[in-house]
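*Asks:* requesting a structural model of the entry that follows:
(2 chains)
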Amino acid sequence: GEDVEQSLFLSVREGDSSVINCTYTDSSSTYLYWYKQEPGAGLQLLTYIFSNMDMKQDQRLTVLLNKKDKHLSLRIADTQTGDSAIYFCADLNMFSGGYNKLIFGAGTRLAVHP
Amino acid sequence: GAVVSQHPSWVICKSGTSVKIECRSLDFQATTMFWYRQFPKQSLMLMATSNEGSKATYEQGVEKDKFLINHASLTLSTLTVTSAHPEDSSFYICSAPQGNQPQHFGDGTRLSIL
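*Replies:* Numbers count the residues shown, from 1 in each chain, chains lettered A, B, ... in the order given. Predicted coordinates:
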C-alpha cells in the first residue's frame, strides 16, 4: 500500500529555522498536507500543497515539493517555543471507490529550546 | 473556530461497557467522515470511512462488530466501541472533508477502559 515516512525527532534553537522532511510513495498524489498536533489535542491543519506546485509560502511556513523524488518539506522560520509539537505529513490517496483518505506519516516531534 | 466537534473529549469506564463517541460537522454537511485511532507516540491509523445513508467502509483488521459506525445525518457520525476492554483504550479522532477543502479534525476523544 501507499506509505509516508518522516524523521521522528527534530531539535532546534529558538529563533532558528526548522525543516521537517517527508517522503511518500503515492505516484498519483493530488494534495499533500502538514498537520500539527499538540499534546492531548486533535490535529490542526497548517498548510497544504497541490501536487502541481513546487512551493507554497504562508507567513512563517514554506512548503517545498519535489514531485520527481516524492519529497515534501516544511520549513518554519523563526521557530518559537510554541511551535513545539508533533508535525504530521499526510498524502491524500484517491480511491476508485469514490472516496479518498489521508495516509499519515509517523509524525516528527519538534522540540524548541532556548 | 472549530468546524468539527467531537464529544466527549475524555471517557473513563469499566471493562465491558459500550461507549459512544459523536462527531459533528459545524456549519457544513459531510456525507463522508473518517474515524482514526492513535496510540501513544504513534501516528493516526484510519479505522473506517463513515458514509451518510449507507454502511461504513472498514479498513483491514478493524472489527465491524466491535466498532459500530452510524452516519444518520449529514452532520453527525457516531462511533460506538462495544463491550470495551483495556486494549481498546486509545485516542480516537474523527475528521470530515468540507467540499474540496482539506479534512477538518475533531479534538479527539481519549478513551480509558479500566
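
*Asks:* helices or strands next to the helix or strand of chain B with the lowest mean pLDDT in the packing?
*Replies:* When each helix and strand of chain B is scored by mean pLDDT, DSSP states H and E, strand B:103-105 comes last, with a mean of 86. Using 3 or more CB pairs under 8 Å, 6 or more residues apart in numbering or on different chains; DSSP states H and E, the elements in contact with strand B:103-105 are strand A:43-50, strand B:90-97. Where you see a C-beta, it was placed from the backbone N, CA and C, and this is true even at glycine.

*Asks:* right, so those: which one is the most enclosed?
*Replies:* strand B:90-97 (a mean of 24; mean count of other CB atoms under 10 Å in any protein chain shown).

*Asks:* that strand packs against which elements?
*Replies:* By 3+ CB pairs under 8 Å, 6+ apart, strand B:90-97 packs against strand B:4-7, strand B:19-25, strand B:32-38, strand B:76-81, strand B:103-105, strand B:109-113.

*Asks:* send me that strand as PDB with only the CA atoms.
*Replies:* Extracted in PDB, the C-alpha atoms of strand B:90-97 (Å, rounded to 0.1, in the frame of the first residue of the first chain):
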ATOM      1  CA  SER B  90      -6.700   4.900  22.900                       C
ATOM      2  CA  PHE B  91      -7.200   8.300  21.400                       C
ATOM      3  CA  TYR B  92     -10.000   8.400  18.800                       C
ATOM      4  CA  ILE B  93     -10.200  11.200  16.300                       C
ATOM      5  CA  CYS B  94     -12.700  12.000  13.600                       C
ATOM      6  CA  SER B  95     -12.400  14.100  10.500                       C
ATOM      7  CA  ALA B  96     -14.600  15.500   7.800                       C
ATOM      8  CA  PRO B  97     -13.800  17.000   4.400                       C
END
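
*Asks:* need the contact partners of that strand.
*Replies:* Contacts to strand B:90-97, defined as CB atoms under 8 Å, 6 or more residues apart in numbering or on different chains, come from residues A:42-43, A:100, A:102, B:3-4, B:6, B:21, B:23, B:25, B:28, B:30, B:32-40, B:44, B:77, B:79, B:103-111.
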